[in-house]
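S.K.: Sequence first, predicted coordinates after that:
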Amino acid sequence: MVITKLLLFVASVCICSAAGHEFFSSTDQVIPLVEEERTLLKLTHDILAEAENLESILEILKLFEDPAETINDPAAAYKLIKRLRSEWFAITSRRQRMLSCRYSTEGGNPRLILAPLKEEIEWDEPRIVRYHDMISDKEIEILKNLSRPYMTRSQTGSGTVSNIRISQSVFLTEDNIVVVQVNQRIADATGLSMETAEHLNVQNYGTGGRYEPHYDALDEQDDRIGTFLIYMNDVEIGGATVFPKAGVALQPKKGSAVFWYNLHKNGDVDLRTEHAGCPVLRGNKWVANKWIHEFGQEFTRPCSLSRWE
């Protein structure tokens, strides 16, 4: 995105200016980048929501009559970057209305009629949904007790131990009734088939544990279409799940779970779903992941030929 390039450009100018270099002296060289972004956005279905942000960004840039002087001052440059970023990720009134809470039976699922899901829309694009009270304290303790004896150092998608992921984990098969119940609850919440899903993956992050920015999608046949992440405890400090490209931070809340699609309907990886697990600064963090795959979802989430879906 051009705006992202603009922010990186401003940051690089700030650094180079400290060494005595100067890259531009007027907003004439900056505003065209934003105007180009405006043109590109007209090609997308998000133009109405994002146009308001671009207007604000243009107004901010016009306030700086002498960008060279601003960039030579690191503090001023930081404030400019912060304001631009804030405007770019600002929630417009249209998006605010979409971030709502509700009780959901997922289209009248018989298992949810008497106990509907407590559903909260955390973000709209990409769509991230949080389900409150998804798992009980008793079930959490059972999953922890099942996992502890078999936990080993977590691996990355390539099947190797890496410093980008500092945690312990284990896959739990459906040998225990609680695992069966949790998997069924995930199927009810998402409406997706669990036939080709991976086993429930329980993970523990100790103090300093983290998972650097990554995609859950593996870019392979029968890819991970969606991720269902269950928070099994509250974290004292740190441990948030963040989506840098969307500007979203999800705080762990015991018993809740979040779900998002890793792929567009056309099968392409949704680049906005890059996410990371922030370092645990105090305490520890327990989560359970269910990675759901494409095969078996042909009728519940049909493919699309559109490049925008």
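M.R.: Structure's in. What do you need?
S.K.: switch to C-alpha atoms for all contacts and neighbour counts from now on
M.R.: Will do.
S.K.: List the contacts of stretch 255-269.
M.R.: Contacts to stretch 255-269, defined as Cα atoms under 8 Å, 6 or more residues apart in numbering, come from residues 126-137, 140, 190, 215-217, 219, 224-233, 270, 273, 301-307, 309.
S.K.: buried subset of these?
M.R.: 126, 128-132, 134-135, 140, 190, 215-217, 224-233, 270, 273 (16 or more other Cα atoms under 10 Å).
S.K.: which ones among the contacts of stretch 255-269 are found in strands?
M.R.: Among the contacts of stretch 255-269, the ones falling in strands (DSSP state E) are 127-132, 224-231.
S.K.: Next, the distance between the ends of stretch 255-270.
M.R.: 27 Å (Cα to Cα, to the nearest Å).
S.K.: Going forward, count from 69.
M.R.: Okay, using 69 as the starting number, the last item reads as stretch 323-338.
S.K.: want to try a markdown table for the ones in strands among the contacts of stretch 323-337, with distance to residue 353 and pLDDT as columns?
M.R.: Shown next, in a markdown table, are the ones in strands among the contacts of stretch 323-337 (distance: Cα to Cα, whole Å; pLDDT from 0 to 100):
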| residue | distance to residue 353 | pLDDT |
| --- | --- | --- |
| 195 | 24 | 94 |
| 196 | 20 | 97 |
| 197 | 20 | 97 |
| 198 | 18 | 98 |
| 199 | 18 | 98 |
| 200 | 18 | 98 |
| 292 | 23 | 97 |
| 293 | 25 | 97 |
| 294 | 22 | 98 |
| 295 | 18 | 98 |
| 296 | 16 | 98 |
| 297 | 12 | 98 |
| 298 | 11 | 98 |
| 299 | 8 | 98 |
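S.K.: Of those residues, which pair is most distant in space?
M.R.: Of all pairs drawn from the ones in strands among the contacts of stretch 323-337, the greatest distance, 23.4 Å, lies between 200 and 292 (Cα to Cα).
S.K.: Would you mind splitting the chain into its domains for me?
M.R.: 70-163, 170-361 (automatic domain parsing).
S.K.: Worst mean pLDDT among those?
M.R.: Across these, domain 70-163 has the smallest mean pLDDT, namely a mean of 52.
S.K.: neighbours of residue 366, just the number please.
M.R.: When counting by other Cα atoms under 10 Å, one arrives at 11 neighbours for residue 366.
S.K.: Was I right to think residue 344 contacts residue 284?
M.R.: No. Using Cα atoms under 8 Å, residue 344 makes no contact with residue 284, being 10.2 Å away.
S.K.: shared neighbours of the two, which are they?
M.R.: With Cα under 8 Å, 6+ apart, residue 344 and residue 284 have no common neighbours.
S.K.: Name the nearest residue to residue 203, ignoring sequence neighbours.
M.R.: residue 323 (5.0 Å; Cα to Cα, 6 or more residues apart in numbering).
S.K.: Please apply the same query to residue 287.
M.R.: Nearest to residue 287 is residue 337, by Cα to Cα, 6+ apart, at 7.4 Å.
S.K.: And the one you found, how far from residue 377?
M.R.: Residue 337 is 11 Å from residue 377, by Cα to Cα.
S.K.: tell me the secondary structure for residue 189?
M.R.: Classification of residue 189 using DSSP: H, G, I helix; E, B strand; the rest coil returns strand.
S.K.: Let me fix that, I meant to ask about residue 214.
M.R.: Going by three-state DSSP: residue 214 is helix.
S.K.: mind checking how far it is from residue 208?
M.R.: Counting by Cα to Cα - residue 214 and residue 208 are separated by 10 Å.
S.K.: and if you look at residue 373?
M.R.: 41 Å.
S.K.: And for residue 196?
M.R.: 23 Å.
S.K.: Beta-bridge partners for the residue nearest to residue 218 when sequence neighbours are not counted, please?
M.R.: In space, and not counting its chain neighbours, residue 218 is closest to residue 238: 6.4 Å by Cα to Cα, 6+ apart. Beta-bridge pairing of residue 238 under DSSP bridges involves residue 270.
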